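> Can you look at this prediction? I've put the sequence above it.
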Amino acid sequence: MEAHNAQRSYQVVIAATRDMGIGMDMKLPWDLPNEYQFFQHITTRTCDPRKRNATIMGRKSWEATPLEFRPLPGRLNVVLTRSYCHSIPTDVDNVLVCGSMESALELLAKPPYSFSIEKVFFIGGGELLRHYLNAPSCDAIHLTEVDISVPCDTFSPRVDTCLCRPWYSSLPVVENGIRYCFNTYVRRKDLISGSDVEAEKYSFLPKMVFERHEEFGYLNLVQQIISHGDMNDNNTLLSKFGCQRLIFFYPVVLQKVFWVGVVEEILQLISGSTYPKVKPKLTLLIETNIILCSSFGVKATEEDGDHPLLTGLYWRHSDASQEFDQISDVINKIKNNPHDRGITLSACKLSLSPCQTFAQFYVANGELSCQIYQSSTEASLGIPFSIAAYSLLTCIIAHVCDVVAGDFIHLIGDAHVNTSHTKAIQKQLQISPKPFPETN
């Protein structure tokens, strides 16, 4: 924030249990060295080596910090207290005492702190979090969700998802038998009257968090294709082979996707129809544990075998027969044998291999994840469409099987772009990712 502003904004960094417990007897109720390392990195590192960050904490949080880590090195420690505390040194340059959060933010907005402090982080405790976690001056919340329920005497309120949007969510980490994940939420700027949401930048986030936005996996792939891709013989395509692990939790937000087309295609594939010109009714019937679409007016038969749109036919009727329904098999395994290592959908046939060749589902901790192998796709349009389509498919199957939709993992053989599109793609690469949409 600029020096002339009356008050600094800040970011909250906390770890909490399922019940939003953050402490017991002034101690953390877990031992997670890697989680502490994340806290260290996010609050210590700066883009400008001449600056440092500030950490604001209540007196109890200060006293709960082990002596060997107090004051937190490499940061300005701002302690909030209205009374004298002998444990708080006043003769060192990295400790500052303020009577309130407001006075601390005002002080940090003035010289010399406005020039020497890069980012401001608020780290607790519980009483202060009730007032400042979802406050207007809070730009972002970095919440480590610790998947345990243990007795706590200090709690944080939950993140208000009406005010904040998800920016980043890590894959689960298991340490000392405890499962946890890192999550970042950013404040919705469209709630501020007159703000320009499209122009809003999110570089105020710590660099390590900003660059963990899932969309960077997609952007980096597209950049690699146009910078180092192999040109085909007639100079119309740039290709890269073997894009091995793109993990997405949400559809791409930098690329518009024809959502009605996504829904219609997935419903068409689920139905087993191979006739692309008849639009399905957007309704689902769940009967005898099988997802069924309302009728297309066309019944798939062996005569459809030469039609180019065969993925749905093979999903519902392997080898164009009535002998094996892959969709039914997937649902049955997820419900009755979720640890089966062969929960798969295949669209392959010796005479034809569609682009979306193979999908595999995986169930763990009540979450259903999907990984697909796509033999060939156009990167700037095809990848966003596939992400949206297979994320929808995963959500539909998860709903039918009474589990939660988890991750979508995308493996690609030949990812390519049309050389005539490179200028437009380069413009897209200049745009910073934005928060993901809310999910209901």
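Received, thanks.
> For burial, what's the neighbour tally of Pro172?
Neighbour count for Pro172, taken as other CB atoms under 10 Å: 16. The C-beta positions use only the backbone N, C-alpha and C, and glycine is treated the same way.
> contacting residues for Glu378?
416-418 (CB atoms under 8 Å, 6 or more residues apart in numbering).
> And the lengthiest helix in the chain, what's buried?
Longest helix in the chain by number of residues (criterion: DSSP state H): helix 382-400. By 16 or more other CB atoms under 10 Å, the buried positions in helix 382-400 come out as 382-398, 400.
> can you check stretch 128-142 too?
So, applying 16+ other CB under 10 Å, buried residues of stretch 128-142: 128-129, 132-134, 137-142.
> Could you pull out the helices in this structure for me?
Using DSSP H, helices in the chain cover 33-44, 59-64, 101-108, 113-116, 126-132, 207-210, 215-228, 259-271, 311-316, 326-336, 382-400, 422-429.
> Among those, single out whichever gets nearest to Gly177.
Comparison of those against Gly177 by CB to CB identifies helix 33-44 as nearest, at 13.3 Å.
> Send over that closest one as PDB, restricted to the C-alpha atoms.
Extracted C-alpha coordinates of helix 33-44, given in PDB (Å, rounded to 0.1, in the frame of the first residue of the first chain):
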ATOM      1  CA  PRO A  33       7.400 -28.800  10.900                       C
ATOM      2  CA  ASN A  34       6.600 -28.400   7.200                       C
ATOM      3  CA  GLU A  35       3.500 -26.300   8.100                       C
ATOM      4  CA  TYR A  36       5.700 -24.100  10.200                       C
ATOM      5  CA  GLN A  37       8.200 -23.800   7.400                       C
ATOM      6  CA  PHE A  38       5.400 -22.600   5.100                       C
ATOM      7  CA  PHE A  39       4.600 -19.900   7.800                       C
ATOM      8  CA  GLN A  40       8.200 -18.900   7.900                       C
ATOM      9  CA  HIS A  41       8.500 -18.600   4.100                       C
ATOM     10  CA  ILE A  42       5.300 -16.700   3.600                       C
ATOM     11  CA  THR A  43       5.900 -14.100   6.300                       C
ATOM     12  CA  THR A  44       9.700 -13.700   5.800                       C
END
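> for that helix, packing partners?
Using 3 or more CB pairs under 8 Å, 6 or more residues apart in numbering; DSSP states H and E as the contact test, the elements touching helix 33-44 are strand 10-16, strand 52-58, strand 138-146, strand 173-175, helix 207-210.
> Switch the ones you listed over to TSV; also include distance to Val159 and mean pLDDT.
Output for the helices and strands packed on helix 33-44, formatted as TSV (distance: least, CB to CB, whole Å; pLDDT from 0 to 100):
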stretch	distance to Val159	mean pLDDT
strand 10-16	9	97
strand 52-58	18	97
strand 138-146	5	96
strand 173-175	20	90
helix 207-210	15	86
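> how about the ones you listed, which one is nearest Ile225?
Smallest distance to Ile225 across the helices and strands packed on helix 33-44 (CB to CB): 22.8 Å, for helix 207-210.
> Keeping just the C-alphas, turn that closest one into CSV.
Extracted C-alpha coordinates of helix 207-210, given in CSV (Å, rounded to 0.1, in the frame of the first residue of the first chain):
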residue,chain,number,x,y,z
LYS,A,207,5.2,-14.6,-4.6
MET,A,208,5.2,-18.3,-3.6
VAL,A,209,1.4,-18.2,-3.2
PHE,A,210,0.7,-16.1,-6.2
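> next one: it to chain centre, how far?
Distance, stretch centre to chain centre, for helix 207-210: 13 Å (CA atoms, centre = their mean, to the nearest Å).
> hmm, who's touching that helix?
Under the contact criterion CB under 8 Å, 6+ apart, helix 207-210 has outside partners 41-42, 45, 47, 140, 142, 167-168, 184, 202-203.
> Would you list the buried entries among the residues you listed?
Applying 16+ other CB under 10 Å to the contacts of helix 207-210, the neighbour count classes 42, 45, 140, 142, 167-168, 184, 202 as buried.
> what's the closest of those residues to Arg8?
Using CB to CB, Ala140 comes nearest to Arg8 of the buried ones among the contacts of helix 207-210, at 13.4 Å.
> about what we covered before: would TSV of the buried ones among the contacts of helix 207-210 with distance to Gly366 be doable?
What follows is these, written out as TSV (distance: CB to CB, whole Å):
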residue	distance to Gly366
Ile42	29
Arg45	35
Ala140	28
His142	25
Trp167	24
Tyr168	22
Thr184	23
Tyr202	31
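> How about the contacts made by Ser386?
356, 372, 374, 377, 410 are the contacts of Ser386 under CB under 8 Å, 6+ apart.
> Give me the below-cutoff pLDDT ranges for the chain.
1-5, 190-200, 214, 244-259, 272-323, 348-356, 432-440 (pLDDT under 70).
> what's the domain layout of it?
The chain resolves into domains spanning 10-210, 215-429 when parsed by automatic domain parsing.
> Serialize the contacts of Ser386 to CSV and add fields for distance to Gln426.
What follows is these, written out as CSV (distance: CB to CB, whole Å):
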residue, distance to Gln426
Gln356, 28
Ile372, 28
Gln374, 24
Thr377, 20
His410, 22
